[in-house]
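[1] can you look at this prediction? I've put the sequence above it.
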Amino acid sequence: MPAPLALVDCNNFYASCERVFQPELRGQPLVVLSNNDGCVIARSNEAKALGIAMGEPWHVVRERIGDRTLRMRSSNYTLYGDMSARVMRVLAAFTPELEFYSIDEAFLGLAGFEPRLEAHARELRRRVLQWTGIPVSVGIAITKTLAKVANHRAKKDPACQGYA
């Protein structure tokens with residue numbers, strides 16, 4: 001049987017990065033905008049609950065939602081790159097097999113961790129949050145595709161507590 005692997009995905013990454021350095025944004029509906037502030041490229045869970053769509057033009061969102069309810073930040077790719085590197089350094093401490101998948105996702109080989117996969121996932125989530133301020137979800141499976149599906153479930157189903 002193949003060794004398990006995990007897909008670790010940062011939750012609402014750009015919005016989470018903004019919140020690390022601006023804690024007053026926590027719990028507030030927050031969107032991050034594309035270059036030149038044209039479209040929404042990231043949303044906090046609170047902004048998603050307001051019905052804001054990914055890629056929606058900012059002027060449409062502002063007219064519909066209003067500035068008083070919604071917080072907006074211009075994208076800051078230097079910050080996001082730095083925070084990604086910090087998250088990846090934390091993940092590297094959990095396995096010798098780390099594959100960067102995107103700015104906010106990585107696959108981790110978990111061969112040898114089979115007896116304690118759940119505890120490993122919980123500790124990984126706790127440490128990334130503690131050391132970087134970024135919340136992550138963890139999906140564990142025997143293929144990358146299934147790990148991606150498990151991660152989606154971990155992110156969407158509160159009963160999973162961030163890992164599946």
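    Looks like it arrived, so ask away.
[2] for the rest of this, base every contact and every neighbour count on C-alpha atoms.
    Noted.
[3] in the helix or strand of the chain with the lowest mean pLDDT, which residues are buried?
    In the chain, no helix or strand scores lower on mean pLDDT, DSSP states H and E than helix 58-65, which sits at a mean of 92. For helix 58-65, burial by neighbour count (16 or more other CA atoms under 10 Å) applies to 58, 61.
[4] need the helices for the protein, in chain order.
    With DSSP state H as the criterion, the chain has helices at 13-21, 45-49, 58-65, 77-92, 117-132, 144-156.
[5] which of those sits closest to Phe107?
    Closest to Phe107 of these is helix 144-156 (CA to CA; 7.6 Å).
[6] check which helices and strands that closest one sits against.
    Contacts defined by 3 or more CA pairs under 8 Å, 6 or more residues apart in numbering; DSSP states H and E place helix 144-156 against strand 5-10, strand 136-141.
[7] try 10 Å this time
    strand 5-10, strand 105-109, strand 136-141 (3 or more CA pairs under 10 Å, 6 or more residues apart in numbering; DSSP states H and E).
[8] what would these look like in TSV with mean neighbour count and distance to Arg122?
    TSV is the format used below for the helices and strands packed on helix 144-156 (neighbours: other CA atoms under 10 Å; distance: least, CA to CA, whole Å):
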stretch	mean neighbour count	distance to Arg122
strand 5-10	26	12
strand 105-109	22	14
strand 136-141	26	9
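[9] turn those into TSV, including mean pLDDT.
    Formatted as TSV, the helices and strands packed on helix 144-156 follow (pLDDT from 0 to 100):
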stretch	mean pLDDT
strand 5-10	97
strand 105-109	97
strand 136-141	96
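[10] want to throw these into JSON lines with distance to Asn76?
    Below are those laid out as JSON lines (distance: least, CA to CA, whole Å):
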{"stretch": "strand 5-10", "distance to Asn76": "17"}
{"stretch": "strand 105-109", "distance to Asn76": "18"}
{"stretch": "strand 136-141", "distance to Asn76": "20"}
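[11] with respect to Ala47, which of these lies nearest?
    Nearest of the helices and strands packed on helix 144-156 to Ala47, taken as CA to CA: strand 5-10 at 16.9 Å.
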